[in-house]
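J.: Provided below are the primary sequence and the corresponding predicted coordinates.
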Amino acid sequence: MDDLEPLDPQFVQDQLSRLPFVTVAGVINIRDLGGLPSHLYPDLVTKPGYLYRSAELSGITEEGKRLHKFVELSPHHALGKAQLNELGITQVFDLRSDTEIAKYNSPVPHIDGVQISHVPVFKIEDYSPEMMAKRYQLYASGKTEAFMELYSQILDHGGPAFGTILRHVRDRPNEPCVFHCTAGKDRTGLAGVDNIAIAKDYALTRIGREPARAMIIERLNKEPLFASNSEAALNMFTCRDTTMLAFLDLLDEKYAGAEEYVRCFAGLSAEDIVTIRRNLLVSVADPSIRSKA
């Protein structure tokens, strides 16, 4: 199947109705990162109902409100903020830059009982026209090597932001959180999860973002490079499992693995990492666990 073509709507609906996807009206691509088996600790899995990843929360709905015109919502699915509260989420980490928020007119929402922390991976100065032109050219190629250059930039800049999230895991193991960028794809391991499982989860973004396909294309069409090249626009949002596998190799080769990365770039100690791992993993024998193995 051509991974640039639209997916069958019935298939997408079926997949979005089951784990790891969860429903929060007005938010696309929100997934529970729990239930993933650790190959380093065979009797443990990542804790369900604790860490979530998603696309931007700007369109999250309240009763009587609907998401923007690009995504259809049935009337009984107009309670996104309440659904976020029902998941027990008390903390949101917004990885978007100020430039992204302003450019797409997607401000941070107010959600009762939820603290939203703005922890951008890239600063305003990283969004100069020259820098963005270079990034767009890399995305447009759709080549694995280009994505590796892009992901290296994310790792080089994102240590402080990722450190903030990991400190939440260290200090607040009973307070679920969600972290997000714009599309929930690129800025989102320490638990010893197998590379194949990580890559499989990464590839699910193709399904998760499908309801917002029209919005994504409309945004990209405002950029001259993509307006004249629809395939280049679609390449920007590919999420092939092979890309993630290549990235995990890059993480090992260039940054000496996840643990060394968070020590050097996120400022976490070996003791912090032990605590984070303990807080992220639970026994597979727990009856509440629904494994994604």
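T.: Now that the structure is in, tell me what you want to look at.
J.: Backbone dihedrals for S54, please?
T.: For S54, the backbone dihedrals (degrees, to the nearest 10) come out as phi -160, psi 180.
J.: close enough to count as contact, it and I30?
T.: Yes - judged on C-beta atoms under 8 Å, S54 makes contact with I30 at a distance of 3.7 Å. Every residue, glycine included, has its C-beta placed from N, CA and C.
J.: out of the two, which sits in the busier spot?
T.: Per other C-beta atoms under 10 Å, whichever of S54 and I30 has more neighbours is I30, with 26 against 23.
J.: how far away is the more buried one from G208?
T.: Using C-beta to C-beta, to the nearest Å, I30 is found at 7 Å from G208.
J.: Now do the helix or strand bottoming out on mean pLDDT in the chain: everything it contacts.
T.: Within the chain, confidence by mean pLDDT, DSSP states H and E is lowest for helix 230-236 among all helices and strands, at a mean of 78. Here helix 230-236 makes contact (C-beta atoms under 8 Å, 6 or more residues apart in numbering) with L4, Y136, Y139, A140, S141, G142, I217, L220, N221, L225, F226.
J.: And R172, how far from N279?
T.: Counting by C-beta to C-beta - R172 and N279 are separated by 9 Å.
J.: of the two, who's got more company?
T.: Ranked by neighbour count (other C-beta under 10 Å), R172 and N279 place N279 first, with 19 against 14.
J.: Could you tell me how many residues sit around the residue nearest to the more buried one when sequence neighbours are not counted?
T.: Leaving aside its sequence neighbours, N279 sits nearest to P173 (C-beta to C-beta, 6 or more residues apart in numbering; 3.8 Å). A count of neighbours around P173, defined by other C-beta under 10 Å, yields 15.
J.: Likewise for M148?
T.: Based on other C-beta under 10 Å, the number of other residues close to M148 is 17.
J.: Tell me the spacing between it and M132.
T.: 19 Å.
J.: One more: N105?
T.: In terms of C-beta to C-beta, N105 sits 17 Å off from M132.
J.: on that earlier part again, can you say which of the contacts of helix 230-236 are buried?
T.: Listed as buried from these are Y136, Y139, A140, G142, L220, L225, F226; burial here means 16 or more other C-beta atoms under 10 Å.
J.: List the ones among those residues that fall in helices.
T.: Y136, Y139, A140, L220, L225, F226 (DSSP state H).
J.: which of these lies closest to L79?
T.: Among these, L220 lies closest to L79 (C-beta to C-beta), at 30.0 Å.
J.: looking at it, that closest one is touching A214, isn't it?
T.: No - the criterion here is C-beta under 8 Å, and L220 misses it with A214 at 11.0 Å.
J.: and stretch 34-46, how far out from the chain's middle?
T.: 20 Å (C-alpha atoms, centre = their mean, to the nearest Å).
J.: which stretches of the stretch 51-200 of the chain form strands?
T.: Counting by DSSP state E, counting those that start in this stretch, one finds strands in the stretch 51-200 of the chain at the ranges 51-54, 91-94, 115-118, 177-180.
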